[in-house]
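Asker: sequence isn't available, so here's the structure alone:
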Ligand SMILES: Nc1ncnc2c1ncn2[C@@H]1O[C@H](COP(=O)(O)OP(=O)(O)OP(=O)(O)O)[C@@H](O)[C@H]1O
């Protein structure tokens, strides 16, 4: 069972200590039972015993302490294990390339790190508690056997039969539960669509009705499936209760038929059976929970394996530095084709040949879907070409140097993400931040405190200005801007093209911009136009000195 394998690998607490505490809890429960039985016989014959009362208190304390210790250790171990797994996965994601993440999908990764981790955290302790209850069951059964072999054999046979039946029913229930979880996932997806598309929904009555109508249908499905499962659970818990009562009935009505001396120990045996109720109930609960934990664990491990496999198939991209500071970079016969979808062959770019130099501005133009962003991803080493190579300073870039190359680049992509905290910016660079914010007329809205922007709740154009502030503070030799000016007002466009870009060039940066602002095309040292995944022949620009 992968779950047990994982526990063996991951549990850091001394298993012998855990076993010891489990046995102490189980033995003290059985002792408690014995003491209660002895004391009640004594009371029945008119006596009492201070010694038994004292033993009773000591045993209760022993049980409480050992039980609490096991639960606390298990909670600590499980949370530590989830923390390690989650962090390992986060680290793998961080090192994975975009193609791998695209092929796995972001939603399953998100679900593994949130929903599955939570399921493991909730369900796994029940495995240990279930095992502990199992130990209790064994000791109480031994006590029952000591009281009456016939009672023991009958109770054990009956319990095994009931557990077997319960397990069989639980398997079907487990499958149905997973189906409900999938339906709920669909419902949550629909709800997030409603929240994200609220503007569109508010604008169009018919669209709103259709969205809500579809959600209502999914919700009704989920409701019906959940109600059916809960009804089956209700039957299941009633059956478990029934089994207990039948077990007690077995002791007082059936066992005496088969054995003559049972009348002496009927009360004790019945009390022992009552002590079995707790453990059996707990085990019945633990089994489906363990199934859930196992399912979630398999999901997490499966995704991790895919990430690891992709990482193992590649090389360590951060193994080597660049041999010299970047002067120029070239695309040499680079080709890339996206995986085909629905029978269509995927979009292809290439062969791409181009050279970009420090101290130069390159503009990339081209219609929607011509492959500009794809080319930029290949140029920045975010995607790996299927043919051809990147050259830095005239030397082919080795796969082991890819991270060193990426570290030379600051970028504001069209689908950029603005972290509120200025990760990756050297603390001394922050001194320049206030002047930059002022230049971009953001100083009255945003400040930098403790290495983070005071707010990022801004207009689209303002957020993009902050992204440029971050790129500028990183101060890398290569600056890539994908339609940065598209959502800036005319005043900022002018500032961008006429002041900022020339100042970056004057500082020796390699500036590469995707742009459609032909009014400023004169500014570029080189213009590359893309069409259907290729650079148009003969495109190049004036060279500024
Ligand atoms: N993740 C992806 N998976 C599969 N195909 C993709 C993916 N991203 C883009 N494509 C394909 O590549 C083509 C070019 O996309 P790309 O984003 O490079 O164009 P673009 O020139 O940047 O367009 P735009 O000006 O609209 O931003 C798209 O038409 C699409 O068919």
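Answerer: Noted; the coordinates are in hand. Being a predicted model, the structure only gives us computed values, none of them experimental.
Asker: and the pLDDT at residue 269?
Answerer: At residue 269 the predicted local distance difference test score is 84.
Asker: skip the chain neighbours and tell me the closest residue to it.
Answerer: Once flanking residues are discounted, residue 269 sits nearest to residue 151: 4.6 Å by C-beta to C-beta, 6 or more residues apart in numbering. No exception for glycine: its C-beta is placed from N, CA and C like everyone else's.
Asker: quick check: the one you found vs the ligand, distance?
Answerer: 68 Å (C-beta to the nearest ligand atom, to the nearest Å).
Asker: ok, now which ones touch that residue?
Answerer: The contact partners of residue 151, by C-beta atoms under 8 Å, 6 or more residues apart in numbering, come to 144, 251, 255, 259, 262, 265, 269.
Asker: run a quick neighbour tally on residue 119.
Answerer: With neighbours defined by other C-beta atoms under 10 Å, the count for residue 119 comes to 20.
Asker: quickly find the element holding it.
Answerer: Applying DSSP states H and E as the criterion places residue 119 in helix 117-147.
Asker: name the helices or strands packed onto that helix?
Answerer: If you count contacts as 3 or more C-beta pairs under 8 Å, 6 or more residues apart in numbering; DSSP states H and E, helix 117-147 packs onto helix 2-10, helix 15-44, helix 50-95, helix 149-196, helix 266-313.
Asker: what comes up buried for it?
Answerer: By neighbour count on 16 or more other C-beta atoms under 10 Å, the buried set for helix 117-147 is 117, 119-121, 123-137, 139-141, 143-145, 147.
Asker: how close does the residue nearest to residue 269 get to residue 144?
Answerer: Distance of residue 151 to residue 144, given as C-beta to C-beta, to the nearest Å: 6 Å.
Asker: try residue 444
Answerer: Taking C-beta to C-beta, one finds residue 444 at 80 Å from residue 144.
Asker: what about the residue of the stretch 401-545 of the chain found nearest the ligand, is that helix, strand or coil?
Answerer: Going by C-beta to the nearest ligand atom, the ligand is nearest to residue 414 of the stretch 401-545 of the chain, at 5.7 Å. Secondary structure, DSSP: H, G, I helix; E, B strand; the rest coil: residue 414 is coil.
Asker: not counting its neighbours along the chain, what's nearest it?
Answerer: Once flanking residues are discounted, residue 414 sits nearest to residue 482: 4.3 Å by C-beta to C-beta, 6+ apart.
Asker: report the beta-bridge partners for that neighbour.
Answerer: residue 514 (DSSP bridges).
Asker: residues from the protein in reach of the ligand?
Answerer: 102, 338, 346-347, 366, 368-374, 414 (C-beta under 6 Å from any ligand atom).
Asker: I'd like to know how far the residue nearest to residue 27 when sequence neighbours are not counted sits from the ligand.
Answerer: Nearest non-adjacent residue to residue 27, counting by C-beta to C-beta, 6+ apart: residue 139, 6.0 Å away. Here residue 139 is placed at a distance of 60 Å from the ligand (C-beta to the nearest ligand atom).
Asker: do I have it right that residue 139 meets residue 30?
Answerer: Yes. Residue 139 is within contact range of residue 30, at 4.0 Å (criterion: C-beta atoms under 8 Å).
Asker: would you confirm that residue 111 contacts residue 185?
Answerer: Yes. If you go by C-beta under 8 Å, residue 111 and residue 185 touch, sitting 7.4 Å apart.
Asker: of the two, which one has the most company?
Answerer: When residue 111 and residue 185 are compared for neighbours, residue 111 comes out ahead with 18 against 14, by other C-beta under 10 Å.
Asker: pretty sure residue 462 sits in a helix.
Answerer: Yes. Membership of residue 462 in a helix is supported by three-state DSSP.
Asker: what's the nearest residue to it if we skip its chain neighbours?
Answerer: Using C-beta to C-beta, 6+ apart, the closest residue to residue 462 is residue 442 (6.4 Å).
Asker: quick one: distance of the host helix or strand of residue 436 to the chain centre.
Answerer: Using DSSP H and E, residue 436 maps to helix 433-439. Helix 433-439 has its C-alpha centroid displaced from the chain centroid by 37 Å (C-alpha atoms, centre = their mean, to the nearest Å).
Asker: that one packs against which elements?
Answerer: Looks like helix 433-439 contacts strand 448-449, helix 460-474 (3+ C-beta pairs under 8 Å, 6+ apart).
Asker: which of those is buried the deepest?
Answerer: Mean neighbours per residue, mean count of other C-beta atoms under 10 Å, is largest over those for helix 460-474, with a mean of 20.
Asker: tell me what that helix is packed against?
Answerer: By 3+ C-beta pairs under 8 Å, 6+ apart, helix 460-474 packs against strand 409-412, helix 433-439, strand 478-482.
Asker: any low-confidence regions in this protein?
Answerer: 1-3, 538-545 (pLDDT under 70).
Asker: ok so, going back, okay, the helices and strands packed on helix 460-474 in CSV with mean neighbour count next?
Answerer: Output for the helices and strands packed on helix 460-474, formatted as CSV (neighbours: other C-beta atoms under 10 Å):
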stretch, mean neighbour count
strand 409-412, 21
helix 433-439, 16
strand 478-482, 23
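Asker: please work out which residue of the stretch 1-150 of the chain is closest to the ligand.
Answerer: residue 102 (5.3 Å).
Asker: what helix or strand is that residue located in?
Answerer: Using DSSP H and E, residue 102 maps to helix 98-104.
Asker: which parts of the helix or strand just after that helix are buried?
Answerer: As assigned by DSSP H and E, the chain's next helix or strand after helix 98-104 is helix 106-111. Neighbour-count burial for helix 106-111 flags 109, 111 (criterion: 16+ other C-beta under 10 Å).
Asker: contacts for helix 106-111?
Answerer: Contacts with helix 106-111, where a contact means C-beta under 8 Å, 6+ apart, come from 89, 93, 101, 185, 189, 299, 303.
Asker: if I read this right, residue 468 contacts residue 442, doesn't it?
Answerer: No. Taking contacts as C-beta under 8 Å, residue 468 lies outside contact range of residue 442: 9.9 Å.
Asker: what packs against whichever helix or strand residue 207 is part of?
Answerer: Secondary-structure assignment from DSSP H and E places residue 207 in helix 205-249. When contacts are defined as 3+ C-beta pairs under 8 Å, 6+ apart, helix 205-249 packs onto helix 149-196, helix 198-203, helix 266-313.
Asker: so which of those helices is the most surrounded?
Answerer: Neighbour counts (mean count of other C-beta under 10 Å) averaged over each of the helices and strands packed on helix 205-249 peak at helix 266-313, with a mean of 19.
Asker: next, the angle helix 15-44 makes with that one.
Answerer: 170 degrees (axes from the mean of the first three to the mean of the last three C-alpha atoms, to 10 degrees).
Asker: partners of the helix or strand just after helix 266-313, with directions?
Answerer: For helix 266-313, the succeeding helix or strand toward the C-terminus, using DSSP H and E, is strand 328-337. As defined by DSSP bridges, the strand partners of strand 328-337 come to strand 348-357 (antiparallel), strand 387-392 (antiparallel).
Asker: what would those look like in JSON lines with mean neighbour count?
Answerer: Below are the strands paired with strand 328-337 laid out as JSON lines (neighbours: other C-beta under 10 Å):
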{"stretch": "strand 348-357", "mean neighbour count": "18"}
{"stretch": "strand 387-392", "mean neighbour count": "17"}
